[in-house]
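In: no sequence for this one, just the structure:
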Ligand code: HAM
């Protein structure tokens with residue numbers, strides 16, 4: 001037993017699973033290529049203040065979940081809990097608005113939130129996400145949503161639902177917040193302690209509280225959609241029109257508010273209809289004032305992020321394929337010291353030619369080496385003994401059907417091993 005364990009809420013991705021991760025990461029990169037998004041990589045830690053200003057002082061993330069620490073020079077830093085604020089920070093800092101092909105960005109990487117771990121919720125989790133910065137055209141909202149939809153459907157997922165809402169702009173929220181406060185105040189004692197606090201500062205958050213009593217009370221709460229001003233209504237209608245034109249099924253859920261403060265107008269979630277409590281595969285929305293809040297110019301933006309862990313759970317639930325676990329093409333078997341010397345020269349040559357080759361110097365007998373070859377799932381064994389070496393030959397054995405032939409070492413061709 002190891003004396004050490006992974007920290008609570010974290011996990012190792014082991015070799016038996018890492019190919020699944022590679023599969024979904026490759027699929028995500030492929031959709032990014034199709035939609036012409038470019039990768040951006042930002043640091044894993046940032047000034048803590050960046051998240052306080054953007055995600056919001058009163059959000060659960062900033063209030064309770066941030067890994068905040070002081071470095072040796074007294075700087076207050078935080079392990080990033082999400083990717084949007086860092087991307088917008090970098091966008092402003094590097095003047096990407098002026099550079100061609102730089103406004104459609106995607107990212108992949110670990111995020112950190114100190115929350116109670118459960119199935120689908122971890123303290124270190126891996127997000128994939130995109131941000132499209134610079135346009136307030138509702139077509140862009142629809143395109144961002146389309147990206148997420150295409151990604152999920154390409155993986156083969158079926159049991160999910162796209163829910164969309166508009167949470168309006170500053171103009172509409174004041175009246176709506178007041179309406180919510182008047183609605184919820186008579187129930188204040190029945191709300192959970194978090195919601196009771198949220199009521200004064202951020203009453204919208206009560207709408208998506210998972211606690212049963214809050215949920216029941218929120219059922220008859222006024223709908224945001226009745227409080228949207230003309231511009232927000234028109235925008236929301238346009239987003240719906242574009243989604244319909246793109247053939248993307250959706251439902252309007254006026255209770256989607258999102259837990260981060262930077263959102264305005266479009267908000268959306270892709271919900272897995274089979275997963276348990278942590279069933280949001282992807283969440284996103286528009287954030288038109290975020291860049292300005294972070295000291296940049298007025299640069300509207302929209303994006304989404306999803307967690308790979310939940311995606312893998314959903315794919316496993318739907319019994320979808322993750323492609324093939326990687327296996328070597330060739331396993332080299334040698335007998336005797338001279339054959340081994342010649343053999344290791346050969347495997348380096350094969351690897352240089354792009355043919356994955358395995359060799360285990362600890363397995364001495366022919367039997368042990370052949371067993372090992374079969375265990376790795378290699379397609380071919382190349383067997384080199386002193387006799388073959390004298391003739392400059394080698395035995396090529398197809399491990400699937402047992403067929404074997406003796407060939408000249410110099411004649412080993414790529415096409416022979418392609419079969
Ligand atoms: P978020 O809703 O906080 O949004 O997270 C997005 C997704 O990340 C969730 O739907 C879920 O799949 C995954 N996720 C979040 N927390 C955890 C966790 N503790 N464990 C496992 N998975 C988790 C954002 O992060 C925004 N930055 C999304 C965005 C991008 N909005 C606009 N652009």
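Out: Received, thanks. The model shown is predicted, which means the values in this text are computed figures rather than measured ones.
In: Kindly provide the distance from residue 155 to residue 248.
Out: 16 Å (C-beta to C-beta, to the nearest Å). Using the backbone N, CA and C atoms, a C-beta is placed for each residue, glycine as well.
In: next one: residue 200
Out: 38 Å.
In: if we can go back for a sec, who has more neighbours, residue 155 and residue 248?
Out: When neighbours are counted by other C-beta atoms under 10 Å, residue 155 and residue 248 differ, and residue 155 comes out ahead with 20 against 17.
In: what's near enough to touch the residue nearest the centre of the chain?
Out: Closest to where the C-alpha atoms of the chain average out (C-alpha atoms, centre = their mean) is residue 128, at 2.8 Å. Going by C-beta atoms under 8 Å, 6 or more residues apart in numbering, residue 128 touches 25, 28, 106-108, 305-306, 308.
In: From the residues you listed, pick the one nearest the ligand.
Out: residue 305 (3.6 Å; C-beta to the nearest ligand atom).
In: Which neighbouring residues are in contact with that closest one, exactly?
Out: 82-84, 127-130, 282-284.
In: cool, residue 307 as well?
Out: Per C-beta under 8 Å, 6+ apart, neighbours of residue 307: 120, 125-127, 281.
In: Is it bridged to anything, and to what?
Out: Note on residue 307: beta-bridge partners by DSSP bridges are residue 127.
In: State the distance from it to residue 75.
Out: 28 Å.
In: What of residue 239?
Out: From residue 239 to residue 75 the distance is 40 Å (C-beta to C-beta).
In: same deal with residue 4?
Out: Taking C-beta to C-beta, one finds residue 4 at 29 Å from residue 75.
In: Mind checking which of these two has more residues around it?
Out: Using other C-beta under 10 Å as the criterion, residue 4 and residue 75 rank with residue 75 on top: 11 against 6.
In: Just give the number of residues close to the closest residue to that one other than its chain neighbours.
Out: Using C-beta to C-beta, 6 or more residues apart in numbering and skipping the chain neighbours, the partner closest in space to residue 75 is residue 47 (7.1 Å). Counted with other C-beta under 10 Å, residues neighbouring residue 47 total 13.
In: Next: residue 262.
Out: With other C-beta under 10 Å as criterion, residue 262 counts 24.
In: Then residue 190?
Out: 13.
In: gap between the closest residue to it other than its chain neighbours and the ligand?
Out: Spatially, and ignoring its direct neighbours in sequence, residue 190 is nearest to residue 213 (5.6 Å; C-beta to C-beta, 6+ apart). Separation of residue 213 from the ligand (C-beta to the nearest ligand atom, to the nearest Å): 23 Å.
In: In contact with residue 213, which residues are there?
Out: 190-192.
In: Could you grab the helix/strand/coil label for it?
Out: helix (DSSP: H, G, I helix; E, B strand; the rest coil).
In: and the stretch 151-300 of the chain, which residues reach the ligand?
Out: Residues of the stretch 151-300 of the chain lying close to the ligand (C-beta under 6 Å from any ligand atom) are 260, 280-285.
In: can you do 8 Å?
Out: Taking C-beta under 8 Å from any ligand atom as the criterion, the stretch 151-300 of the chain approaches the ligand at residues 258-260, 262-263, 269-270, 278, 280-287.
In: With respect to residue 167, which of those is nearest?
Out: residue 263 (5.9 Å; C-beta to C-beta).
In: State the distance from the closest one to residue 112.
Out: 21 Å.
In: So which of those two has more stuff around it?
Out: residue 263 (26 against 21).
In: Could you check the pLDDT of residue 196?
Out: Note on residue 196: pLDDT of 89.
In: which ones are touching it?
Out: So, once contact is read as C-beta under 8 Å, 6+ apart, residue 196 ends up touching 188-189.
In: Check which residues of the helix or strand hosting it are buried.
Out: In this structure, residue 196 sits in helix 193-201 according to DSSP states H and E. Applying a neighbour-count criterion of 16 or more other C-beta atoms under 10 Å, one finds 194-196, 198-199 buried in helix 193-201.
In: Closest to residue 350 out of the residues you listed?
Out: residue 194 (60.5 Å).
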